[in-house]
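K.L.:
I would like the atomic coordinates for the input below:
(chains A and B)
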Number of protein chains: 2
Amino acid sequence: VNTVNQHLASANPSVQWIGGTDGHLQLIDQTLLPQQLSYVACHDVDTVWEAIKSLRVRGAPAIGIAAAYGVCLASGAAPPGQAAAAAQCAAEHLASSRPTAVNLFWALDRMTSVIRDRSWSEYTLAEALLAEARQIHNEDRQMCHAIGRHGAALIPAQATLMTHCNAGGLATAEYGTALSVMFTCQDQGKRLHVFADETRPLWQGSRLTAWELTRRGIPVTLICDSMAAHVMQTRKVDAVIVGADRITARGDVANKIGTYGLAVNAKHHGVPFYVAAPSSTFDLQMLHGSDIPIEQRSRDEIIAPHGRSIAPDGIDVYNPAFDVTPAELVSALITERGVIHQVNVESIAQHFRQNSPKPAHT
Amino acid sequence: VNTVNQHLASANPSVQWIGGTDGHLQLIDQTLLPQQLSYVACHDVDTVWEAIKSLRVRGAPAIGIAAAYGVCLASGAAPPGQAAAAAQCAAEHLASSRPTAVNLFWALDRMTSVIRDRSWSEYTLAEALLAEARQIHNEDRQMCHAIGRHGAALIPAQATLMTHCNAGGLATAEYGTALSVMFTCQDQGKRLHVFADETRPLWQGSRLTAWELTRRGIPVTLICDSMAAHVMQTRKVDAVIVGADRITARGDVANKIGTYGLAVNAKHHGVPFYVAAPSSTFDLQMLHGSDIPIEQRSRDEIIAPHGRSIAPDGIDVYNPAFDVTPAELVSALITERGVIHQVNVESIAQHFRQNSPKPAHT
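P.N.:
So this is what the prediction gives:
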């Protein structure tokens, strides 16, 4: 783990494009962390699709970036004259990898816009696609830092925080969303203590969040998801901060399963519940969170951790990967443009009107 | 697992005394279920102590019964003239095994009363102790069935129920407490569907509850603890029913960690939250749940399931085994004497006044 820490301390990104238009995508295999820092080299779209599906790359923004580079792989490998068709086909295929996080579709839409833009000659399409993917990647990096700055203003100089799943550097281009707020507080000299939910069934909290916080020297205590309410009852928690996979026009938030129950408990204990996410996480075409498609995942994730069964054979299992927290339970939304304090359809619309809209691509 | 099911279907009890005063205690090793049905033969007090500590026998009532038999082992093995001292010493030692469940202390108090009763001659002490332990065991069996009858009256003919941890036959002499309500409903022809929380960190829900319900043909769906709120949000749950390890005079309930957060969520969704437990679970000397000692358990239970680490080395871990649900969140308490509908200090006192008190021993 020490070696892994040293690697990551040098800001080794979870998603990285190696080379030019004939290059490839390199991902940290997050399923092996924190025991092992291994990379997946993706030279084709299928490898990217599999990496997203099996959570080797995960986190809504990181998935979007990886998918954008996946489209580049398709156009680069296509025979002369078929790059546009191959890229379009790749975009459609990658969209089928995971259904809930909207950043995936947002990034693929930006790539598709480039393909459809007739001003690109066939020759430069690969370059145009790579430029767009790099732009998405770079914007995400900047968004993370802006989210950190806006969010840190909400946190007192000495604070006990709580988070669920992993909305850190691994889930984004850099710094993360919810964890970016914590890292920025740390940079500002604030003193934090973070309770990290382990996040069953796949332990992104134990494996990824606890690790990211530890290596930056932020004191973190690991708990089971079911312990969060007890912690809120028995000590002062100043805020819960989580990321998001999709936020609707009225502010309903899809995020990792367990977020909703945590939000209900935060409300019960008077603990502010903050959601940190870039603009690309907002699906303003959708009003109600109940319309968000919820990914159902394999029963084995629950009943066979590490391949050893913990349940009777043939047991019925329900394994939704996400849940929806209604706007009413969200104290504030933190985006790269600022903080939305009253979470409702009007304030969200105003937030995106007031702050200059980001062009689809430049 | 089929073999195990067949064994258990023949009402193989989790706690059993084999033989007479020179006999021994046989426990199902619940840590190995449902993959393996193995027994621990306890011929001395230390083995009983270890079995309780390491959860080979678990569940507040079952712990009390096992500890009572543990005292018998000490008196049976003592040299002539030292049976009383040995039994007393054993009772004190066994009381140190686990701090939260009050049934343990209640059962040991009953055994200690027998030791102190000078009307027993030295010769018959072992017999008197075994008779008392058998009486505790038998009373628990009857209490479980009475709890099931009283609780079943609260459940509609077709119901979706939810439970946490294991308050079933394995946790008691027979039928359980929370699960006894379900088994009794089933016996009465009611149609149930149960969502069982897996119950991290030790998976008593996956390993024990899902298994007990399955083998009795009650449809059960296994979920992670963090999914309970989502289930309540997206479908109609008619009631949550859990057991208890200690209930105070005002009705605050200590139960497996995660119960409190579940109760908060039940309240938020308007789902009745029932606690089923025998009289021996009530600690009427204690008023407030915040005074209940909460057992802290090993960090490895959380970070090294199946011996494989899921967290960075050296991570700080908080592992309370129980939490406290305040009376205000409890819709009703179900005991062997009936149902306490308004959970407060007066109604609980009245419940125990109205219903004839059970003699300490007969």
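K.L.:
What residues of stretch A:300-308 count as buried?
P.N.:
Applying a neighbour-count criterion of 16 or more other C-beta atoms under 10 Å in any protein chain shown, one finds A:301-303, A:305 buried in stretch A:300-308. In this view, the C-beta of every residue, glycine as well, is placed from N, C-alpha and C.
K.L.:
and that stretch with chain B, contact?
P.N.:
Yes. Using C-beta under 8 Å from any C-beta of the partner chain, stretch A:300-308 reaches chain B at A:302-303, A:305-306, A:308.
K.L.:
Show me which of the residues you listed is closest to B:His24.
P.N.:
Nearest to B:His24, judged by C-beta to C-beta, of those is A:Arg308 at 31.3 Å.
K.L.:
Can you give me the distance of A:Ala85 to A:Ala74?
P.N.:
9 Å (C-beta to C-beta, to the nearest Å).
K.L.:
okay, these two: which has more neighbours?
P.N.:
A:Ala74 (25 against 14; other C-beta atoms under 10 Å in any protein chain shown).
K.L.:
and that one, what does it touch?
P.N.:
A:Ala74 sits next to A:44-45, A:86-87, A:89-90 when contact means C-beta atoms under 8 Å, 6 or more residues apart in numbering or on different chains.
K.L.:
which SSE is it in?
P.N.:
Assessed by DSSP states H and E, A:Ala74 sits inside helix A:60-77.
K.L.:
starting at the chain centroid, how far to that helix?
P.N.:
Here helix A:60-77 shows a centroid-to-chain-centroid distance of 15 Å under the convention C-alpha atoms, centre = their mean, to the nearest Å.
K.L.:
Same check on stretch A:144-155?
P.N.:
Counting by C-alpha atoms, centre = their mean, stretch A:144-155 comes out at 16 Å from the chain centroid.
K.L.:
Please apply the same query to stretch A:162-170.
P.N.:
Per C-alpha atoms, centre = their mean, the displacement of stretch A:162-170 from the mean C-alpha position of its chain is 8 Å.
K.L.:
For that stretch, give the mean pLDDT please.
P.N.:
Stretch A:162-170 shows a mean pLDDT of 97.
K.L.:
likewise stretch A:17-37?
P.N.:
In this model, stretch A:17-37 carries a mean pLDDT of 95.
K.L.:
From the residues of stretch A:300-308 next to chain B, which land in strands?
P.N.:
With strands taken from DSSP state E, there is no overlap with the residues of stretch A:300-308 next to chain B.
K.L.:
May I see these organised as CSV, with pLDDT added?
P.N.:
Shown next, in CSV, are those (pLDDT from 0 to 100):
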residue, pLDDT
A:Ile302, 97
A:Ile303, 96
A:Pro305, 90
A:His306, 84
A:Arg308, 87
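K.L.:
A:Val240 belongs to a helix, doesn't it?
P.N.:
No. Judged by DSSP: H, G, I helix; E, B strand; the rest coil, A:Val240 forms no part of a helix; its state is strand.
K.L.:
do you know how far it is from chain B?
P.N.:
Per C-beta to the nearest C-beta, to the nearest Å, A:Val240 is found 13 Å from chain B.
K.L.:
Neighbours of that residue, how many?
P.N.:
Residues within reach of A:Val240, counting by other C-beta under 10 Å, total 26.
K.L.:
Then the one 5 residues further on?
P.N.:
Taking other C-beta under 10 Å as the neighbour definition, A:Asp245 ends up with a count of 32.
K.L.:
A:Val181 too?
P.N.:
30.
K.L.:
Spit out the contact partners of it.
P.N.:
Residues counted as contacts of A:Val181 (C-beta under 8 Å, 6+ apart) are A:147-148, A:151-152, A:154-155, A:241, A:274, A:276, A:334.
K.L.:
ok, now which ones touch A:Pro219?
P.N.:
Going by C-beta under 8 Å, 6+ apart, the list of residues near A:Pro219 reads A:192-194, A:213, B:316.
K.L.:
nearest to A:Pro61, of those?
P.N.:
Using C-beta to C-beta, A:Leu213 comes nearest to A:Pro61 of the contacts of A:Pro219, at 18.6 Å.
K.L.:
partners of the closest residue to that closest one other than its chain neighbours in the sheet?
P.N.:
Once flanking residues are discounted, A:Leu213 sits nearest to A:Val220: 4.1 Å by C-beta to C-beta, 6 or more residues apart in numbering or on different chains. Taking DSSP bridges as the rule, A:Val220 bridges to A:Val194.
K.L.:
A:Val324 too?
P.N.:
Assigned bridge partners for A:Val324, using DSSP bridges, are A:Ala254.
K.L.:
Tell me who's in contact with it.
P.N.:
Taking C-beta under 8 Å, 6+ apart, we find A:Val324 in contact with A:252-254, A:260, A:289-290, A:292, A:294, B:230, B:233.
K.L.:
how far away is it from A:Ile247?
P.N.:
10 Å.
K.L.:
Mutual contacts of those two, please.
P.N.:
Common neighbours of A:Val324 and A:Ile247, using C-beta under 8 Å, 6+ apart, are A:253-254.
K.L.:
pretty sure A:Ser347 is touching A:Val339, no?
P.N.:
No. Counting by C-beta atoms under 8 Å, A:Ser347 stays clear of A:Val339, with 10.4 Å between them.
K.L.:
Alpha carbons of the helix holding A:Ala74, in CSV - could you do that?
P.N.:
Listed next in CSV are the C-alpha coordinates belonging to helix A:60-77 (Å, rounded to 0.1, in the frame of the first residue of the first chain):
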residue,chain,number,x,y,z
ALA,A,60,-20.0,9.7,-12.8
PRO,A,61,-17.4,12.3,-14.2
ALA,A,62,-14.7,9.7,-14.7
ILE,A,63,-17.1,7.5,-16.7
GLY,A,64,-17.9,10.4,-18.9
ILE,A,65,-14.2,11.2,-19.6
ALA,A,66,-13.4,7.5,-20.2
ALA,A,67,-16.3,7.1,-22.6
ALA,A,68,-15.2,10.2,-24.5
TYR,A,69,-11.7,8.8,-25.0
GLY,A,70,-13.4,5.5,-26.0
VAL,A,71,-14.9,7.2,-29.0
CYS,A,72,-11.4,8.4,-29.9
LEU,A,73,-10.2,4.8,-29.9
ALA,A,74,-12.9,3.9,-32.4
SER,A,75,-12.2,6.7,-34.8
GLY,A,76,-8.4,6.1,-34.7
ALA,A,77,-8.8,2.4,-35.5
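K.L.:
What average pLDDT does that helix get?
P.N.:
Here helix A:60-77 scores 96 as its mean pLDDT.
K.L.:
what's the next secondary structure element after it?
P.N.:
Criterion used, DSSP H and E; the element after helix A:60-77 is helix A:83-94.
K.L.:
Can you list the helices and strands that that next one packs against?
P.N.:
Judged by 3 or more C-beta pairs under 8 Å, 6 or more residues apart in numbering or on different chains; DSSP states H and E, helix A:83-94 is in contact with helix A:45-53, helix A:60-77, helix A:102-116, helix A:125-152.
K.L.:
if you compare those helices, which one is most tucked away?
P.N.:
Highest mean neighbour count of the helices and strands packed on helix A:83-94: helix A:60-77, a mean of 28 (counted as mean count of other C-beta atoms under 10 Å in any protein chain shown).
K.L.:
which residue does the stretch 51-200 of chain A bring closest to chain B?
P.N.:
Ranked by C-beta to the nearest C-beta, the top residue of the stretch 51-200 of chain A for proximity to chain B is A:Arg200, at 4.2 Å.
K.L.:
In this structure that residue contacts B:Ile223, no?
P.N.:
No. Using C-beta under 8 Å, A:Arg200 makes no contact with B:Ile223, being 9.7 Å away.
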